[in-house]
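Student: Here's my sequence, what's the structure:
(2 chains)
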Protein chains: 2
Amino acid sequence: MRKIVSNLKYIFEPKSIAVVGASQTANKIGNVVIKNLVAGHFGGQVYAVNPKYNEVLGKPCFQKVSDIPGSVDCIIIATPAKSIPLILEDAAKKKVKGAVILSGGFGEVGEQDLEKQVFDIATKNEIAIIGPNCLGAFNPYSKIDSIFLPMYKLERPNPGDIAFVTQSGAVGSTIIDIAAHFGIGISKFISFGNGTVLNESDFLDFLENDKQTKSIILYLEGAKDGRRLLETMKKVNAKKPIIALKAGKFEASKEAAKSHTGNLAGNYLAYQAAFRQAKVIEADNLEELFDFVKIFAQPLPKGKRIGIITNGGGMGVLTADEIERNNLKLAKFSDQTVQVVKGILPPYGNVGNPLDLIADAGVEAYEKVIEAMMQDPNIDALAIITLFQTPPMDERVLHILTKASDDRRKPICVIAVGGSYTEVFRKVLDQNYVPTYGSPHAAIKALKKLVDYAWFKGKIKPDQI
Amino acid sequence: MRKIVSNLKYIFEPKSIAVVGASQTANKIGNVVIKNLVAGHFGGQVYAVNPKYNEVLGKPCFQKVSDIPGSVDCIIIATPAKSIPLILEDAAKKKVKGAVILSGGFGEVGEQDLEKQVFDIATKNEIAIIGPNCLGAFNPYSKIDSIFLPMYKLERPNPGDIAFVTQSGAVGSTIIDIAAHFGIGISKFISFGNGTVLNESDFLDFLENDKQTKSIILYLEGAKDGRRLLETMKKVNAKKPIIALKAGKFEASKEAAKSHTGNLAGNYLAYQAAFRQAKVIEADNLEELFDFVKIFAQPLPKGKRIGIITNGGGMGVLTADEIERNNLKLAKFSDQTVQVVKGILPPYGNVGNPLDLIADAGVEAYEKVIEAMMQDPNIDALAIITLFQTPPMDERVLHILTKASDDRRKPICVIAVGGSYTEVFRKVLDQNYVPTYGSPHAAIKALKKLVDYAWFKGKIKPDQI
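Tutor: Presented below is the predicted three-dimensional model:
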């Protein structure tokens, strides 16, 4: 199986791809996939396979994979389930080592036999398979893209260092759509559906050694092998943080999960216990997946004493509430920090944490206070609220925040609440690995997860908790 | 005091406004306010008041309010705190009945005496006062706008039926920025800061009878009079749902709240108890304020049995999880609904709740299934997941969802997860009072609040819970 896992490289960095079930009809899966490979500037060879055509969207079309003259690294299959064993047998003759099966119609509708045939052919011929019943693979570095959803409806993210492993295509596709929208880059996207040959544990194994991946999001309904998943998560999470979302938590929703990818959702308590044992960061909903993963671009803190900077009092109060609620601590500033702050605030200003610079605060005040907090031995992490709506705030603050994030002395998160104007700033920051949040609630929950992970990694001494 | 409360009409629907502390300098508060009144197309008279100038931004400028030749309904004050008692005395001579005091420098910095003077002058002369230390008032119907933040940085929402009452200017401003961004209309915006003359209870009293207001968002750090607030919330909430967020919940954050608006944050448990007693809907963070208030545009349900429609399996599973978590019920479809669904799904499709129409589902399938669920006596509310990314989905579904929302047979909420493309659809729906959410988590939490409120209003029979 290890050999098969390593053959995933043929899917993620193929020199040539054949789309089996290619179609000349717009909106058909076998048409959209080719269109997306072309529009996405995939640099390798693209072949179409369908006995009906000589060409599809300008690409040469063949009767079967073995008719293709050059070598084929990866096939993307969008034909009816029953046709797939023969297609795989034929591809095996051609020494194809990677396959994405998009088609449904297997175990999830009772066709377990068909799924067994796929498994046997793949293991015998060492073909790495993603699927069936999935959206497959997307790698923004190599531009392979089997997501059969139009690009104008579903944005593709830029290259980055977050990998996504998802059992559900719908959840997976919306995840990358959101990532793209917020400017968050990704390293690999894997929607594996029924997980017939390779499953969640195999993908985690693969990503453990993937150089472009620094953190992993995992969406799971039901694992094939819970014991192995636990061991794999333990191993991988110690190197790269895993943020996991388990769906199908309750009796009624488990039923829905089963008819979805044919996997048993199992007992949620067992999953929860496994996440805790592996120190995996559990997300409880889609929002948290993003909120949590972003913060891991920051260095790990040495404690849980947080300094809050704000230019709006109420936002400071809300943030302080979240600090307390999440069992973090409001830092007590050192004398030196207090002196710096006194030099900035008007005479009636209050030096407290949250530090309210008030709406008159300009970019310079932020710069000075951030530097003071970076040097303050009583502060482990910074929560910086920037209401971009106030008159003295301008885009120079982006430079200051990015600098504070880049020098990696202490983790920071930015809270910027607002509408369209603010969203532009948020996106710029997120694109530059400054974790930026639309609410105190989201930011501080995430910061807590970073503290938890730092604790797990031994970065926080016991007397700091 | 009742007379003073009713004089709020001079602030919200003034025929003439004087900006005291008007300034010719860009970005100064007294400049931005006049600029915004002009840019916002306020239809009444605008006067500037400042001994230094003859005109500001094309508006005639007077030495003091009493020098203005015509009548003045409302003054907006942006001068230093110490100058304000004299300004109010002068305005009283002119029979001004409404005043917004934007300036800080009162109780929140220890100047209780000054605050007392303002209170005395206002009560003696029956001047309705919003503030001090606030952003004041915004009414998208009359176009009064004292929010001294530039329009290009902070969007203004369209007219709608949600009122916002907020102690914090920062929180208040971001709230309306977000409302505008998501296309949510508002009826009145009141940022009242220290609440020296009129406070949260007075504003609730005022909004109880405001024809444009159907629901109320309340952001509170510390109430002046807890007992009165409880009684007022009870009375108003029975007519118009109140969604409340209490900040300064913990010891450390209470400290921050006090230095913010000079009000004691009090014991959170007491507030929580008051919210429960008044059946007010409590939000725990900014996100929930919006998520919750939107759903109240829908009719109240007669029970808690929810029908889920989806075109993506995983989203259905996540939504079912949220239904269970929030103590709602997955409805069991009637035989008639099952028949309709069987006529739509492919032979291998599963008729279950969540009803997975799969990614092939077109707009017509949605229309038929929604109508069946509307007629199904076993279903009390609909959670409709529309992944706009799938090829067969198009904008016709907006018409179907709006129709389902408009005919008011049962409450619906829409879940549309995704990036930029999806956001456009979400905004269209929200603008048309179809509560639309970016995640199952947000949608179902909101739906639960609607069920709770329906229960409180006696719309749900005990055997339905």
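Student: Please count neighbours and contacts with C-alpha atoms only from this point.
Tutor: Will do.
Student: Identify the residues contacting stretch A:443-459?
Tutor: A:238, A:241, A:279, A:281, A:288, A:291-292, A:295-296, A:300-304, A:319, A:322-323, A:326-328, A:383, A:413-415, A:436-437, A:460-461 (C-alpha atoms under 8 Å, 6 or more residues apart in numbering or on different chains).
Student: And stretch A:162-170, by the same measure?
Tutor: A:134-135, A:172, A:185-195, A:200, A:203, A:207, A:213-221, A:261, A:293, B:312-315, B:387.
Student: if we can go back for a sec, just the ones in strands from the contacts of stretch A:443-459, please.
Tutor: Judged by DSSP state E, the contacts of stretch A:443-459 include A:281, A:383, A:413-415, A:436-437 as members of strands.
Student: Top of those residues by number of neighbours, please.
Tutor: A:T436 (28 neighbours; other C-alpha atoms under 10 Å in any protein chain shown).
Student: restrict the contacts of stretch A:443-459 to those near chain B?
Tutor: Residues of these in contact with chain B (C-alpha under 8 Å from any C-alpha of the partner chain): none.
Student: A:I306 in helix, strand or coil?
Tutor: strand (DSSP: H, G, I helix; E, B strand; the rest coil).
Student: ok, it - contacts?
Tutor: A:I306 touches A:323, A:328-331, A:379-383, counting by C-alpha under 8 Å, 6+ apart.
Student: Could you give the average pLDDT over stretch A:389-405?
Tutor: Mean per-residue pLDDT for stretch A:389-405: 93.
Student: ok, so of the contacts of A:I306, who is nearest B:Y348?
Tutor: A:I323 (49.8 Å; C-alpha to C-alpha).
Student: For that closest one, grab the count of nearby residues.
Tutor: Neighbours of A:I323 (other C-alpha under 10 Å): 28.
Student: one step back: please tabulate the contacts of A:I306 in CSV and include pLDDT as additional columns.
Tutor: Putting the contacts of A:I306 into CSV (pLDDT from 0 to 100) gives the following:
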residue, pLDDT
A:I323, 97
A:L328, 96
A:K329, 96
A:L330, 96
A:A331, 97
A:I379, 98
A:D380, 98
A:A381, 98
A:L382, 98
A:A383, 98
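Student: bridging residues for the spatially closest residue to A:F62 that is not a sequence neighbour?
Tutor: Distances taken as C-alpha to C-alpha, 6 or more residues apart in numbering or on different chains place A:V49 nearest to A:F62, at 4.7 Å, with adjacent residues excluded. Counting by DSSP bridges, A:V49 is bridged to A:V20, A:F62.
Student: excluding its backbone neighbours, what's nearest A:H181?
Tutor: B:G419 (4.9 Å).
Student: which of the residues in stretch A:340-349 are buried?
Tutor: Within stretch A:340-349, the residues that count as buried by 16 or more other C-alpha atoms under 10 Å in any protein chain shown are A:340-341, A:344-345, A:349.
Student: Now look at that stretch and say if it contacts chain B.
Tutor: Yes. On the criterion C-alpha under 8 Å from any C-alpha, stretch A:340-349 is in touch with chain B at A:348-349.
Student: mind checking the end-to-end distance for that stretch?
Tutor: 13 Å (C-alpha to C-alpha, to the nearest Å).
Student: any residues touching it, and which ones?
Tutor: Counting by C-alpha under 8 Å, 6+ apart, A:351, A:356-357, A:365, A:368-369, A:372, B:109 sit against stretch A:340-349.
Student: circling back: from the contacts of stretch A:162-170, which ones fall inside strands?
Tutor: Under the assignment DSSP E, those contribute A:186-191, A:215-220 to strands.
Student: would you list every one of the helices in the stretch 251-400 of chain A?
Tutor: A:251-261, A:268-277, A:286-295, A:313-325, A:335-342, A:363-375, A:396-406 (DSSP state H, counting those that start in this stretch).
Student: Can you tell me which of these is packed in deepest?
Tutor: helix A:313-325 (a mean of 27; mean count of other C-alpha atoms under 10 Å in any protein chain shown).
Student: about what we covered before: farthest pair within the contacts of stretch A:340-349?
Tutor: For the contacts of stretch A:340-349, the maximum inter-member distance is 24.8 Å, found between A:A372 and B:V109 (C-alpha to C-alpha).
Student: which of the helices of the stretch 251-400 of chain A has the lowest average pLDDT?
Tutor: Across the helices of the stretch 251-400 of chain A, helix A:251-261 gives the lowest mean pLDDT, at a mean of 70.
Student: Would you list the phi and psi of A:N378?
Tutor: phi -90, psi 0 (degrees, to the nearest 10).
Student: burial count for it?
Tutor: Counted with other C-alpha under 10 Å, A:N378 comes out at 19.
Student: and the residue of chain A positioned farthest from its centre, how far is that from B:G105?
Tutor: Largest separation from the mean C-alpha position in chain A: A:P347, at 46.3 Å (C-alpha atoms, centre = their mean). A:P347 sits 11 Å away from B:G105, taking C-alpha to C-alpha as the criterion.
Student: same deal with A:A81?
Tutor: Distance, A:A81 to B:G105, by C-alpha to C-alpha: 73 Å.
Student: same deal with A:G313?
Tutor: 14 Å.
Student: and if you look at A:K368?
Tutor: Taken as C-alpha to C-alpha, the span from A:K368 to B:G105 is 25 Å.
Student: do the same with A:I415
Tutor: Taken as C-alpha to C-alpha, the span from A:I415 to B:G105 is 26 Å.
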